[in-house]
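Trainee: using only what follows, build the 3D model:
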Amino acid sequence: MVASVWSECMKHLDKKIIQEPRNRSQNSDDRADIAVFDVSNRDSFELDIAMAHPWCLDVLSKAPHDDGTAAARAEVRKKKKYSNEILPGGQHTHCIPLVFEHFGRWGWEAQRFFINMSKSSVDEDGKSNANEFKTFWRRRLSVTLQRCNGQVVSRKLSRSQQAKDSNRLTDNTQFYC
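Mentor: The predicted model follows:
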């Protein structure tokens with residue numbers, strides 16, 4: 001759901017996109033969510049979108065923890081995962097981790113990317129409309145993130161009810177990242 005909104009956002013900026021590109025390997029864990037091609041300056045990059053929960057055990061075990069710690073740790077993991085990737089044909093790719101915490105905080109890379117992309121937004125007359133772009137897409141992404149959170153809670157409640165109905169003991173108190 002979040003990847004679809006990011007794809008729409010990139011299309012709004014006249015970027016060519018491929019969702020879930022398969023140019024890395026056959027392993028489904030080794031691909032980004034969106035490949036973006038900017039025809040105007042022949043630039044390309046991949047976006048890897050992830051959600052991180054601030055109450056994950058690896059975040060809680062590190063003290064002190066500041067707001068944004070979960071997103072920062074997820075960004076580091078993503079950067080390590082995709083560092084020095086070489087595409088077929090010997091091309092290097094630039095992968096940008098777009099990490100969001102479940103409570104709404106955006107990771108630094110996501111913030112920086114969004115601001116940079118908003119600068120290229122123009123209206124029909126060729127005038128910059130970066131502020132309108134940021135306002136609209138921030139709200140759209142925020143609503144989408146909250147819808148995702150609602151779906152996660154709904155699934156956990158459904159599983160909990162199923163487990164309760166079948167008299168199975170489960171531990172639904174731990175958050176998994």
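
Trainee: grab the most central residue of this structure for me.
Mentor: Centroid check for the chain by CA atoms, centre = their mean gives residue 49 as the closest residue, at 2.3 Å.

Trainee: in this structure it contacts residue 5, no?
Mentor: No: if you go by CB atoms under 8 Å, residue 49 and residue 5 don't touch, sitting 9.6 Å apart. C-beta coordinates here come from the backbone N, C-alpha and C atoms, glycine included.

Trainee: that's a helix at the residue nearest to the centre of the chain, yeah?
Mentor: No: with DSSP: H, G, I helix; E, B strand; the rest coil as the criterion, residue 49 is assigned strand and is not in a helix.

Trainee: and the one helix or strand residue 158 maps to, how far out from the chain's middle?
Mentor: Using DSSP states H and E, the element containing residue 158 is helix 130-165. Chain-centre distance of helix 130-165: 13 Å, with CA atoms, centre = their mean, to the nearest Å.

Trainee: pLDDT on it, on average?
Mentor: Helix 130-165 shows a mean pLDDT of 86.

Trainee: for that helix, which residues meet the burial criterion?
Mentor: By 16 or more other CB atoms under 10 Å, the buried positions in helix 130-165 come out as 133, 134, 137, 141, 144, 145.

Trainee: list the residues that contact the second one.
Mentor: The neighbours of residue 134, taking CB atoms under 8 Å, 6 or more residues apart in numbering as the test, are 114, 115, 118.

Trainee: appreciated, that's everything.
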